[in-house]
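1. Predicted coordinates and the sequence they were generated for:
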Amino acid sequence: MSGTALARGPASRQALVLVAGNPNSGKSTLFNALSGARTRVANYPGVTIDRRSATVALADGRSIELTDLPGTYSLSARSREEQIAVESLLGRGPRRPDAILVVADATALARALYLTLEILEIGRPVVIALNMADEAERDGILIDIERLEQLTGARVVRTVASRGVGLEALRTALASAIEQTAAPPPAVERTPEMAADLAELEGLILSEGLMDRPEDARVWAQWLLLSLDHDDEDEFTGIPASLRRAVRHVHERATQAGRNLDLEIISARYRVVDELMAAVCRAPEDRPRSWTDRVDAVLTHKVGGMFAFAAVMMVVFQALFSWSEPAIAAIEEAVSAVQQAVTGLMPPGPLTSLLVDGVIAGVGNVIVFVPQIGLLFLFIGILEDLGYLARAAFVIDRVMRAVGLHGRAFVPMLSGFSCAVPAVMATRTLDNRTDRLLTMLVLPLTSCSARLPVYVLVTATVFAPGSRVGLLSAGAVALFAMYALSVVAALAAAAVLRRTVLKGPVPTLMLELPPYRRPVLSVLLRGVWQRVRTFLVDAGTVILALTIVLWALLSYPKSAEVAAQADRDRAAVATLSLPDDARGERLASIDSHEGGEQLRYSVAGRIGRLMEPVIAPLGFDWRIGVGILGAFAAREVFVGTLGIVFDISNADETNEPLRETLRAATWPDGSPLMTPLAGVSLMVFFVLACQCMSTVAVVRRESGTWRWPLFMVAYMTVLAYMGSLAVYQAGRALGWGI
Amino acid sequence: MNATTAHRLLALVPIGSSAVVSRVSGARTVVRRLLEMGLVPGTTVTVQREAPLGDPVEVRVRNYALSIRRADALGIEVE
């Protein structure tokens, strides 16, 4: 049998194609369309933007690796993240690209051409995807594709990514692009001085061996001139001091000559862009009033705009607060069921306890956030792809700006009232790192729904049922006061942090308001899934780990005497002849007492005792201290932990025995523990403290470092301590609520 | 006195009117961003609307809509 020897070509590595483009140009949609479900998400080291890449098969059987770069309007960078995009393009990243795909919004071609021009100067083969071509045609914009190809030297493909139009042609274009060498880019006219400046920097770059090719050196030289600030206060890495000095020198010389280098470089490029547009694009003189305009007339109207904004935000808020409830309840029940099943199957002991109360509880603690994260990102995705998110930021910006926050911070802040975990993740919609950090750090001050059980328990305990303040019940007033405090605290913290720790260039809001577009369901769902997966993998592991640590602190060491005593008590009950329910009650009370004693014996219990002198001025005793420690797992756990400390089994915030026990609790000297003042102090503590390890986990994930979450815990703990101290001591001095 | 083209601030251009950018000044990062977004001297800008609370403003430039805070727009001179 004759076999045909398979001809094997040389082991070919996959060609690398980078995808660049303006935000709102449909780049993600196009990327998804080309890559299908085979997208891998990885991390660039040290920064928090995702690196999406995928393997794409070409018609001739070869495959390329497609890597998505962050959407950007230009290559000049303001952050480490943007620097990474530039370096990837320049080949200073792990690999030099074989070709670059630029996704251009055909309806905003001039702006897209600016970035395209910068990319063409790099001297790698370029393919331009003229996306949203259907919209452009509908608006009467005619683009001469052939002429554009001639003038730029790049292949141009007409695409409508949302409908899958042009994908084949794009793959073909990419296949030939990776084989070619690049055509020379359109020439940009430069003044003699500019040319001399660039030549000087390029010479330095080449002679120091920082780049090999003159084209790369030229692009990098311009990037350096535009991106480096005179004070070197930037996050850019990998730029030798000699180069920085040279750049500063060029700037100083220019300033002395009265030149503005940014203006020279950028306007020279736009001159070329304008020439290209004149040659290639015909748009109607009188733009007909588009649908977008008409909708905007309402949605950004003085009255209509605010109304629409409030309506949209209320829907989002309501969804987060209640639509996810059934799913959350189902998850909690499922976790409970698994816990019970495992407890039934395995012998009692440390391993079972670790499994049930550590691992399974930990996994449950992670999964329980998925419904809210999914829902929030679905909404954000819809609003963003629709184009409304930009309008929302536009409408509310003035309010946010007053405290140094960005207009786009509104949605994350609002979601914080439901739960900080998805809200922190939602700060991705802010593209400036400082804005993102600032929002993340003050978010936990918004009173999340997990604090409600604490408020309910405290107000029901310390305020007698009929007590009133004026016409309203004392409890309702206290609750409202806590929410008001949280809003004030969040805004004040933002203002303070902005002026101190997160000082930086004043956040500017320069925001594109894209035309309204119909969101594509598959893109939305994929986006939601990516967020959920990121959360599960990155934050989830931290939450699971912390759950286990807390479990250990609360459960160990165990006292053998306590266990022995409880066994003796149970045996004693067994000898008595009692009706079943009375026997059941006695046994249950022995169990609770044993639980309480073991908790007191544990590390957490001991820390609570040690803490007592510190928290006594706030009106808390060591038992409340243990509750606060347990609450770090999740605020609702405070109630359950308090229950254990006070020997109440299955306590929740509506549990009468717990309330009665709390009311009856006293300090060693006999004075009541839970006075109204102590109650308010405790609530204030919960408003201001960062009592949520899951929040810490996501802040770590989103900021890329442990520094910021630790700072957040620290400043919030200090704030909470000061707040409670002020309330309690002032109250005592004034004789209120004692 | 020779007639010089009157320089106004973009911030003073009434809603619905257009003007041509003549100079952009201000903090370096702001100016650079404005230039990169297309507001280079010689570009026609149309003031489309302002936000319900008066700030920011939406301008139309190079066939797309851009929202700019008034404080940043103060540096944009037009004729």
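-> Thanks, I have it. Numbering: from 1, shown residues only, chains lettered A, B, ... in the order given.

2. got the residue ranges for the strands in the chain?
-> By default, I'm working from chain A. A:15-21, A:39-43, A:50-57, A:63-68, A:99-105, A:126-131, A:142-143, A:155-158, A:281-282, A:468-469, A:472-473, A:510-512 (DSSP state E).

3. not quite, I wanted chain B
-> In chain B, the strands defined using DSSP E lie at B:8-9, B:18-24, B:44-50, B:57-61, B:64-68, B:76-78.

4. Which secondary structure elements does the third one sit against?
-> Strand B:44-50 is packed against strand B:18-24, strand B:57-61, with contacts defined by 3 or more C-beta pairs under 8 Å, 6 or more residues apart in numbering or on different chains; DSSP states H and E. Where you see a C-beta, it was placed from the backbone N, CA and C, and this is true even at glycine.

5. Show me which residues of the stretch 151-300 of chain A sit near chain B.
-> Applying C-beta under 8 Å from any C-beta of the partner chain, one finds that the stretch 151-300 of chain A approaches chain B through A:226, A:229, A:262-263, A:266-267, A:270, A:283, A:287, A:296-297, A:300.

6. Excluding residues flanking it in the chain, which one is nearest residue A:165?
-> Among residues not flanking residue A:165 along the chain, residue A:159 sits closest, at 6.0 Å (C-beta to C-beta, 6 or more residues apart in numbering or on different chains).

7. picking up where we left off before, now the strands of chain A in a markdown table, with distance to residue A:244?
-> Formatted as a markdown table, these follow (distance: least, C-beta to C-beta, whole Å):
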| stretch | distance to residue A:244 |
| --- | --- |
| strand A:15-21 | 26 |
| strand A:39-43 | 27 |
| strand A:50-57 | 27 |
| strand A:63-68 | 29 |
| strand A:99-105 | 27 |
| strand A:126-131 | 30 |
| strand A:142-143 | 41 |
| strand A:155-158 | 38 |
| strand A:281-282 | 40 |
| strand A:468-469 | 63 |
| strand A:472-473 | 63 |
| strand A:510-512 | 27 |
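
8. and the ones you listed, which one's lowest on average pLDDT?
-> Among the strands of chain A, strand A:39-43 carries the lowest mean pLDDT, at a mean of 67.

9. just so I know, which of the helices and strands packed on strand B:44-50 lies nearest chain A?
-> Comparing those by their distance to chain A (C-beta to the nearest C-beta), the top pick is strand B:57-61, with 6.1 Å.

10. Can the closest one be said to contact chain A?
-> Yes: applying C-beta under 8 Å from any C-beta, one finds strand B:57-61 in contact with chain A at residue B:58.

11. Please compute how far that strand lies from its chain's middle.
-> Centroid separation for strand B:57-61 versus its chain: 8 Å, with C-alpha atoms, centre = their mean, to the nearest Å.

12. Against which helices or strands is that strand packed?
-> Against strand B:57-61 (3+ C-beta pairs under 8 Å, 6+ apart) you get strand B:44-50, strand B:64-68, helix B:70-73.

13. Quick one: residues in contact with the first one.
-> I take that to be strand B:44-50. Contacts to strand B:44-50, defined as C-beta atoms under 8 Å, 6 or more residues apart in numbering or on different chains, come from residues A:296-297, A:300, B:10, B:13-21, B:39, B:56-61, B:65, B:76, B:78.

14. From those residues, list the buried ones, please.
-> Listed as buried from the contacts of strand B:44-50 are A:296, A:300, B:10, B:13, B:19, B:21, B:39, B:56-61, B:65, B:76, B:78; burial here means 16 or more other C-beta atoms under 10 Å in any protein chain shown.

15. Identify the bridge partners of residue 66.
-> Unless you meant another one, I'm taking chain A. Taking DSSP bridges as the rule, residue A:66 bridges to residue A:17, residue A:54.

16. Please refer instead to chain B.
-> If you apply DSSP bridges, the partners that residue B:66 bridges to are residue A:512, residue B:59.

17. picking that back up, mind putting the strands of chain B into CSV with mean pLDDT and distance to residue A:246?
-> Converted to CSV, these look like this (pLDDT from 0 to 100; distance: least, C-beta to C-beta, whole Å):
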stretch, mean pLDDT, distance to residue A:246
strand B:8-9, 87, 37
strand B:18-24, 93, 26
strand B:44-50, 91, 36
strand B:57-61, 92, 34
strand B:64-68, 92, 34
strand B:76-78, 91, 32
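
18. TSV for those strands, including distance to residue A:165?
-> Output for the strands of chain B, formatted as TSV (distance: least, C-beta to C-beta, whole Å):
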stretch	distance to residue A:165
strand B:8-9	44
strand B:18-24	34
strand B:44-50	30
strand B:57-61	28
strand B:64-68	22
strand B:76-78	38
